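Engineer: for reference, the sequence and a predicted model appear below.
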Amino acid sequence: MRQARPAARRRLVLGALSTASIAALGGLGLVPGAMAADKKIVLGFSQIGAESEWRTANSASIKSAAKEAGIELKFADAQQKQENQIKALRAFIAQKVDVIALSPVVETGWGTVLREAKAAGIPVILTDRTVQETDQSLWVTFMGSDFVEEGRRAARWLVDNVKSRPAGKEIRIVELQGTVGAAPALDRKKGFEEGIKADARLKIVRSQTGDFNRAKGKEVMEAFLKAEGRHIDVLYAHNDDMAIGAIQAIEEAGLKPAKDILVISIDGVKGAFQAMVAGKLNVTVECSPLLGPQLMQTVKDLKAGKTVPRRIVTEEGVFPAEVAARELPKRKY
Ligand code: AHR
């Protein structure tokens, strides 16, 4: 008698199982994705907080994409605290969610909890930011931007736009960094420092964290202005929110942002486009928060047993003030 092929044999065997036994196998994660299709996938998502326009758009994208994809989303806002993210991950493990997605506030300190997720058989997706762990098997994929490249793009714009300035005269830059220890803060600094080496006149004279938010961006810029007086030529902010806060500080000091001080930032949120249209910001390097649809697709692929790429890089552009009025109506965040 001819033997059934392996796939056909699997169909036959599963066809012979009772609904109850299939459900039991499903609980053990042994039923192929297609068989468990009618069971709603549960995704636990640990979000950093709501520090910026970017983050708000990111949370909205994830919530609406989950709804659209029919995925049950357990959403936890960590209010900028790593300990809250670790607690949320442990709660997801206890609840036996199907997949965990994590946007880590800082890069280090994740090993223990990620090992717990792995031991429980729950795949982890890193979204937006990555972690520093030697054991790369602790997550299945990392989706998000190339932050080093964003820093390089910001530097490239600056190098191109100071070409006509006098040779030999120092161009003094102040830098507003993101959250201490966060991947985008470390990488955007690295990429920018690398890029400005192309012009020996470019010098970072002050650099401090503004925590990725407007209020702190303003406060730190006030301190920079107090310390440096009128000797600041450029502000490089690791995100638009800090730049918008700093613009206020520049104006209150009686200076013209984007003219007396060049203002460069990252994200490409609507607020930045409005600032460019108002002539107060020179350029924003795009970093897209619209990761929801891609995340849900990856969750579905994982549950269907498909192999997902280890790294999914978001495609992004650079928007100088000259194109802001044309682009603003098209912006989705
Ligand atoms: O991780 C992405 C960064 O986090 C965004 O650039 C910033 O605005 C956010 O808070």
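Structural biologist: Structure's in. What do you need? Numbering: from 1, shown residues only.

Engineer: thought residue 188 was touching residue 264?
Structural biologist: No. Contact criterion CB atoms under 8 Å: residue 188 and residue 264 do not qualify, at 10.8 Å. Any C-beta I mention is one placed from the backbone N, CA and C, and that applies to glycine too.

Engineer: what sits up against stretch 107-116?
Structural biologist: 82, 86, 89-90, 93, 102, 104, 124, 129-133, 135, 138-139, 181-183, 186 (CB atoms under 8 Å, 6 or more residues apart in numbering).

Engineer: again, only using 6 Å
Structural biologist: Applying CB atoms under 6 Å, 6 or more residues apart in numbering, the contact partners of stretch 107-116 are 86, 89, 93, 131, 132, 133, 138, 183.

Engineer: whichever of those end up buried, select them in PyMOL.
Structural biologist: Selection of the buried residues among the contacts of stretch 107-116 in PyMOL, burial being defined by 16 or more other CB atoms under 10 Å:
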select buried, resi 86+89+93+131+133+138+183
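
Engineer: tally of neighbours for the residue lying closest to residue 123 once chain neighbours are set aside?
Structural biologist: Closest residue to residue 123 apart from its sequence neighbours, by CB to CB, 6 or more residues apart in numbering: residue 140 at 4.7 Å. Using other CB atoms under 10 Å, residue 140 has 18 neighbouring residues.

Engineer: I figured residue 140 hits residue 126, correct?
Structural biologist: No. When contacts are counted by CB atoms under 6 Å, residue 140 is not listed as touching residue 126 (8.8 Å).

Engineer: can you give me the helices for the stretch 101-250 of the chain?
Structural biologist: Along the stretch 101-250 of the chain, the stretches classed as helices by DSSP state H, counting those that start in this stretch are 111-119, 147-161, 183-196, 214-228, 240-252.

Engineer: residue 188 and residue 264: who's more crowded?
Structural biologist: Between residue 188 and residue 264, counted using other CB under 10 Å, the more crowded position is residue 188 (31 against 25).

Engineer: residue contacts, the closest residue in space to the more buried one that isn't next to it in sequence?
Structural biologist: Spatial nearest neighbour of residue 188, chain neighbours left out: residue 151 (4.0 Å); criterion: CB to CB, 6+ apart. The contact partners of residue 151, taken as CB under 6 Å, 6+ apart, are 188, 191, 192.

Engineer: kindly provide the distance from residue 151 to residue 200.
Structural biologist: Using CB to CB, to the nearest Å, residue 151 is found at 19 Å from residue 200.

Engineer: and which of the contacts of residue 151 is nearest to the ligand?
Structural biologist: Set against the ligand, the nearest of those by CB to the nearest ligand atom is residue 188 (8.1 Å).

Engineer: ok, the helix or strand containing residue 312: who's next to it in the sheet?
Structural biologist: Residue 312 is part of strand 311-313, with elements assigned from DSSP states H and E. Using DSSP bridges, the strands paired with strand 311-313 are strand 141-144 (parallel).

Engineer: can you list contacts of the partner strand?
Structural biologist: Contacts of strand 141-144 (CB under 6 Å, 6+ apart): 125, 126, 127, 128, 130, 294, 308, 310, 311, 312.

Engineer: that older thread, which one of the helices of the stretch 101-250 of the chain is the most hemmed in?
Structural biologist: Highest mean neighbour count among these (mean count of other CB atoms under 10 Å): helix 240-252, with a mean of 24.

Engineer: which elements pack onto the helix or strand following that one?
Structural biologist: Scanning forward in sequence from helix 240-252 by DSSP H and E, the next helix or strand is strand 262-267. For strand 262-267, the elements it packs on are strand 234-237, helix 240-252, strand 283-286, judged by 3 or more CB pairs under 6 Å, 6 or more residues apart in numbering; DSSP states H and E.

Engineer: and the longest one, C-alpha only, in PDB?
Structural biologist: So that's helix 240-252. C-alpha atoms of helix 240-252 as PDB (Å, rounded to 0.1, in the frame of the first residue of the first chain):
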ATOM      1  CA  ASP A 240      11.800  66.900  17.400                       C
ATOM      2  CA  ASP A 241      10.200  67.300  20.800                       C
ATOM      3  CA  MET A 242      13.400  68.500  22.500                       C
ATOM      4  CA  ALA A 243      14.100  70.700  19.500                       C
ATOM      5  CA  ILE A 244      10.700  72.300  19.800                       C
ATOM      6  CA  GLY A 245      11.300  73.000  23.500                       C
ATOM      7  CA  ALA A 246      14.700  74.400  22.700                       C
ATOM      8  CA  ILE A 247      13.300  76.700  20.000                       C
ATOM      9  CA  GLN A 248      11.200  78.300  22.700                       C
ATOM     10  CA  ALA A 249      14.300  78.800  24.800                       C
ATOM     11  CA  ILE A 250      16.200  80.400  21.900                       C
ATOM     12  CA  GLU A 251      13.300  82.800  21.200                       C
ATOM     13  CA  GLU A 252      13.000  83.700  24.800                       C
END
